[in-house]
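> sequence plus predicted model, see below.
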Amino acid sequence: MAKKEKDNTPISTIEIGHNKSEVSQIIETPIDTDPKTQLIVCAYEGTEQTMQRIWDSMCETPSLVFGIDENTSYKDVIASCIADQDIADKFIFVPANVIPCSPILLEEMFTPQVLLDSKRGISYDLPMRIDKDLIIELVSDVNSSDREMFEAYLRTLNRAVFASHYFGNTVAVVLRSNPDLEVLKEAMKTRKFIRTSAVGFKASSHLLKELIRD
């Protein structure tokens, strides 16, 4: 899995004098200035550069892109993140080829959302906050699927918010190799996210690149 270079800036400290004593205290680093990586973005192989540019354009928080294929387990990706000391203990995890259609702050992705289809089926293909301490045992369960891992993990958090590509303005889904490009153009103006399959991204990348603000 391809990864970009990380920021290794040390944590800040301050000396406080009280009754002639000095104490070294770690300053709580504000969101978006944490020296550790707080935003993990998955991208299908061959789309990493475009995904990187879109996320860099839409989110001020630096992202780390993992190149995956459609058979890659998110459990494996998250396990790699848990083992990586340069990734924050709490980070935003973006499933493959989910992109914001407008500028977005890290805080906006803290509330977990699940995607609801017309048959009330649920998928977990939207950004969510991952807490390493809460998910580590679930990732270690070799008998569970990605879906079972996310289901169990979200039960430990506040209740997830339902999102849908059939109503509301949260997400539009592009799965086919021949998407309706006029519908996609409108979605890029009105939705918060576009979620694509590998073939859907390939078929619509010329439009999605318009989101890049160089």
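That came in fine, so what should we check first?
> tell me the contacts of the spatially most central residue of the chain?
The centroid of the chain falls nearest to Val94 when counting by Cα atoms, centre = their mean (2.1 Å). If you count contacts by Cβ atoms under 8 Å, 6 or more residues apart in numbering, Val94 has them with 39-42, 55, 63, 109, 127. In this view, the C-beta of every residue, glycine as well, is placed from N, C-alpha and C.
> now swap in Glu45 and tell me
Contacts of Glu45 (Cβ under 8 Å, 6+ apart): 67-69.
> re earlier: okay, and which of the contacts of Val94 map to helices?
Trp55 (DSSP state H).
> what is the nearest of the contacts of Val94 to Glu182?
Trp55 (25.1 Å; Cβ to Cβ).
> is it true that the closest one touches Leu39?
Yes - counting by Cβ atoms under 8 Å, Trp55 does reach Leu39; the two are 7.4 Å apart.
> show the pLDDT at the nearest residue to Ile136 once chain neighbours are set aside.
Distance criterion Cβ to Cβ, 6 or more residues apart in numbering; nearest residue to Ile136, sequence neighbours excluded, is Ile82 at 5.7 Å. On pLDDT, Ile82 comes in at 97.
> my guess is Ile82 contacts Asp131. True?
No - Ile82 is beyond contact range of Asp131, at 10.3 Å (criterion: Cβ under 8 Å).
> who's more crowded, the two?
Neighbour totals were compared for Ile82 and Asp131, and Ile82 leads with 18 against 14 (other Cβ atoms under 10 Å).
> which ones are touching the more buried one?
So Ile82 contacts 132, 135-136, 139 (Cβ under 8 Å, 6+ apart).
> now the buried members of the residues you listed.
132, 135, 139 (16 or more other Cβ atoms under 10 Å).
> poorly predicted segments of the protein, please.
1-34, 118, 120 (pLDDT under 70).
> what does stretch 127-140 rub up against?
Stretch 127-140 is touched from outside by 40, 75, 78-79, 81-82, 89-95, 98, 109-110, 112-113, 144, 149-150, 152-154, 156-157, 193, with contacts defined as Cβ under 8 Å, 6+ apart.
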